[in-house]
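Asker: can you look at this prediction? I've put the sequence above it.
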Amino acid sequence: MFNKIKRYIKILHVFHKYKLYSILLKEYKQKKESVDLCTCPIDFERKSNSVKLRMAFEELGPTFIKLGQAMSKRPDIIPIEYGKELEKLQEMVKPYDFERMQPALSLGFCPGSKETGRYSIDIFDKFNTEPIASASIAQVYEAVLNGENVVVKIARPGMMDVINLDLDILYDLKFIFVKLLGIKTQIDIDGFLEEFKIMLNRELDYRNEALNMERFRENFKNLKQVRIPKVYWELTSDNILVMEHIYGVPLRDFRTFSLDKRKRIAKLISSSFLRMVYIDGYFHADPHPGNIFVMKDGGIAYLDFGAVGKLDSEIKKGMYSIFYGVYIKDVDLAARAFLKLARKSPDDIDIHAFKWDVDELITRQHYGKGERHSDDFVKLALKYDLSLPRTFSLLERALVLIESTCLDLDPEYNIMSDVKTLSKEIARSKYSPARLVEDFQMEWDNFYDLMKNVPTGINDIFESVKMFKEANVVKQENAIENRRFIISIFQNLFITVLLIASITLLVLGQKEPDLETIGLVGFATSIILAAIIILRKK
């Protein structure tokens, strides 16, 4: 509780320092019911305020930096001007000295260490204690292991406690921001925060990042121009990741390249990322220029796999249908696929206006040069109140980063130019001989299992029929028994009434001889009937 109070004071101090209280109140006053999607002249005051928000998030540390990055692609939560500014959030911070990193090393286990449960840098041939990169969550060091150059990524000590504390505070303050930002009730703010929490926890688990790297290496094993670092599993733990050292020039230094080289790199980045999305359904969720290196041979290497996105087959197919519809300029196909992905019926919206806007989107995608268009889909969804899958917002942010990077490299870049090649690759992967054989084998196995189980199935049918017949027989027997029981009751009742009446007539017949005779006959009859019933039951 004491740490939480201290953190509250720090947050309030930073908010006061950058005058965020007045900014939030002003945004609350001018907030409209719908998101402003106009392309009117820039609101310079709002732009200035967005810079203050970015600086405040940077000062508050890793949780708020990550939060700002996540919010940057949610124009349904914050105004677009703020989103564009929050995209600039960087995590390069002043590094800790190595002694301060030692507590993090004590959490890792390393084979051959002198002290059980303690990670020892002595296992490396060389270890440079000066970090080559420093971010808010981790620091990266160069080392040599068995003659091979490696890098060692170490989580900053106590980072998990800080992040969990910040997450608690964000949940505490959620209702205030929902009110001040005028967030619509249909927006799942709890879902957004929960997804954000899961993303942060995954990024802090380096075993999870190592698994992501292995999967990407497998996906790109046949593409020599795209490299993914190798993982050294025997030295990797929850908070320490040891991987191959990839040498190259960070993409943020692209200005040192020739224009032709820039164009080739842009095409390679674009095609490789589209492959991740539409073929593998597994993509790098934070492909900013600092996470992409250009190697001497002209290839590229992706780094930092803490954040990844996954698409199931249905979403992947739906998104490609939209993408392909835009590519072939088929308004009906793109509109139909978009609504299907959003699980909306054409009857739920103004379909004519929607198709008009889809046509405008297609025009911008094909003929808009030197402009970013990846966020057009989110704007369209917001305008018509379409709820897209959660993965879509993650993919949208990644696509914007890729498109912005490629436009920096090649001002004439257009993502549509890669769709033709992508379509051919999808067709090859789907209808390749190996895939067809694999599909045939799977279907044959299913057919074989079905045929193998036919005798058992037929026997089950016969057993079911037999049981049905037996059940009917039992049912009929029960009905007959019930009838017999009812008849027996009536018979006994009849004999009892006859016997009582006969006895009554016999008593009265002492004065009337005729009545005595009738009573005697009735009594004799009841005795005979009773005897017959008893004999039948035996």
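Answerer: Arrived safely. The shown structure was predicted, so the numbers you read here are calculated from the model rather than taken from an experiment.
Asker: who are the contact partners of residue 294?
Answerer: By C-beta atoms under 8 Å, 6 or more residues apart in numbering, the contact list for residue 294 reads 248, 249, 250, 251, 254, 257, 265, 300. Any C-beta I mention is one placed from the backbone N, CA and C, and that applies to glycine too.
Asker: against residue 256, how distant is it?
Answerer: 10 Å (C-beta to C-beta, to the nearest Å).
Asker: overlap in contacts of the two?
Answerer: Both residue 294 and residue 256 are contacted by residue 249, under the criterion C-beta under 8 Å, 6+ apart.
Asker: list the contacts of residue 410.
Answerer: So residue 410 contacts 259, 262, 263, 266, 267 (C-beta under 8 Å, 6+ apart).
Asker: got a winner among those residues for most neighbours?
Answerer: Comparing the contacts of residue 410 by number of neighbours (other C-beta atoms under 10 Å), residue 266 comes first, having 24 neighbours.
Asker: doesn't that one belong to a strand?
Answerer: No: according to DSSP: H, G, I helix; E, B strand; the rest coil, the state of residue 266 is helix, so it is not within a strand.
Asker: where are the low-confidence patches of the stretch 1-150 of the chain?
Answerer: Applying pLDDT under 70 to the stretch 1-150 of the chain flags residues 28-43, 73-77, 90-92, 106-119.
Asker: so what's the backbone phi/psi at residue 134?
Answerer: Main-chain dihedrals, residue 134, degrees, to the nearest 10: phi -140, psi 120.
Asker: measure it to residue 55 for me?
Answerer: 19 Å.
Asker: ok, residue 283 - how many residues close by?
Answerer: Neighbours of residue 283 (other C-beta under 10 Å): 26.
Asker: in a strand, residue 304, correct?
Answerer: No: looking at residue 304 with three-state DSSP, it is coil, so not inside a strand.
Asker: what does it show for phi and psi?
Answerer: Dihedral angles (degrees, to the nearest 10) for residue 304: phi 60, psi 90.
Asker: enumerate every residue touching it.
Answerer: Under the contact definition (C-beta under 8 Å, 6+ apart), the residues listed for residue 304 are 209, 286, 291.
Asker: any low-confidence regions in the stretch 401-538 of the chain?
Answerer: Short version for the stretch 401-538 of the chain, where the test is pLDDT under 70: 420, 427-477, 506-516, 536-538.
Asker: which residues in it form helices?
Answerer: 419-431, 433-452, 454-508, 513-537 (DSSP state H, counting those that start in this stretch).
Asker: go on, the stretch 251-400 of the chain?
Answerer: Using DSSP H, counting those that start in this stretch, helices in the stretch 251-400 of the chain cover 259-275, 313-327, 331-341, 351-367, 376-383, 390-409.
Asker: and those, which is most packed in?
Answerer: With neighbours taken as mean count of other C-beta atoms under 10 Å, the helices of the stretch 251-400 of the chain reach their highest mean count in helix 390-409, at a mean of 22.
Asker: what about the nearest residue to residue 245 once chain neighbours are set aside, distance to residue 246?
Answerer: Sequence neighbours aside, residue 149 is the residue nearest to residue 245 in space, at 3.9 Å (criterion: C-beta to C-beta, 6 or more residues apart in numbering). Distance of residue 149 to residue 246, given as C-beta to C-beta: 9 Å.
Asker: more neighbours, those two?
Answerer: residue 246 (17 against 14).
Asker: how close does the closest residue in space to the more buried one that isn't next to it in sequence get to residue 240?
Answerer: Spatial nearest neighbour of residue 246, chain neighbours left out: residue 301 (4.5 Å); criterion: C-beta to C-beta, 6+ apart. Using C-beta to C-beta, residue 301 is found at 21 Å from residue 240.
Asker: just residue 151 next, same as before
Answerer: From residue 151 to residue 240 the distance is 11 Å (C-beta to C-beta).
Asker: among the helices of the stretch 251-400 of the chain, which is nearest residue 143?
Answerer: Closest to residue 143 of these, according to C-beta to C-beta: helix 259-275, at 28.4 Å.
Asker: who touches the closest one?
Answerer: With C-beta under 8 Å, 6+ apart, helix 259-275 has contacts from 220, 223, 225-226, 251, 254, 257, 283-284, 287, 292, 294, 298-300, 398-399, 402, 405-406, 409-410, 413, 415, 417-419, 421-422, 425.
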